[in-house]
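Student: Okay, structure incoming, though there's no sequence with it:
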């Protein structure tokens, strides 16, 4: 559980740096709604191991979900790492 948190944090920071500036700054865009839903799903997935309170039960729980959170996080990190950072606007 605790080793998965830094991976999700790194993904969130990378997404905020490289993807967020490409969308409107208005509140509650479709991008914001998708981010809230995906965050909710990943938090539930991440907490699964903590709620089961045993390593073997947590491993069985993650196996029943095919480790989708771990795999998608790694794929997201690798894919978004290839996106160039947006240029900063000169004020």
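Tutor: Structure received. None of the values given here were measured: they were computed from a predicted structure.
Student: From residue 18, how far off is residue 86?
Tutor: Taking C-beta to C-beta, to the nearest Å as the measure, residue 86 falls 7 Å from residue 18. The C-beta positions use only the backbone N, C-alpha and C, and glycine is treated the same way.
Student: of these two, who's got more company?
Tutor: residue 18 (16 against 12; other C-beta atoms under 10 Å).
Student: That one touches residue 82, doesn't it?
Tutor: No: using C-beta atoms under 8 Å, residue 18 is not in contact with residue 82; the gap is 9.4 Å.
Student: hey, what's in contact with both of the two?
Tutor: Among the neighbours of residue 18, none is also in contact with residue 82 (C-beta atoms under 8 Å, 6 or more residues apart in numbering).
Student: okay but residue 70 is in contact with residue 4, surely?
Tutor: Yes: here residue 70 reaches residue 4: they are 6.8 Å apart, a contact under C-beta under 8 Å.
Student: So residue 85: helix, strand or coil?
Tutor: coil (DSSP: H, G, I helix; E, B strand; the rest coil).
Student: buried sites along the longest helix belonging to the chain?
Tutor: Criterion DSSP state H: the longest helix present in the chain is helix 30-52. Within helix 30-52, the residues scored as buried using 16 or more other C-beta atoms under 10 Å are 35, 42, 45, 46, 48, 49, 52.
Student: Mind listing residues that contact it?
Tutor: By C-beta under 8 Å, 6+ apart, helix 30-52 touches 1, 4-5, 8, 20, 23-24, 58, 61-62, 65, 68-69, 73.
Student: what's the following helix or strand after that helix?
Tutor: helix 55-64 (DSSP states H and E).
Student: Give the other helices and strands that that following helix contacts.
Tutor: Helices and strands touching helix 55-64, by 3 or more C-beta pairs under 8 Å, 6 or more residues apart in numbering; DSSP states H and E, are helix 30-52.
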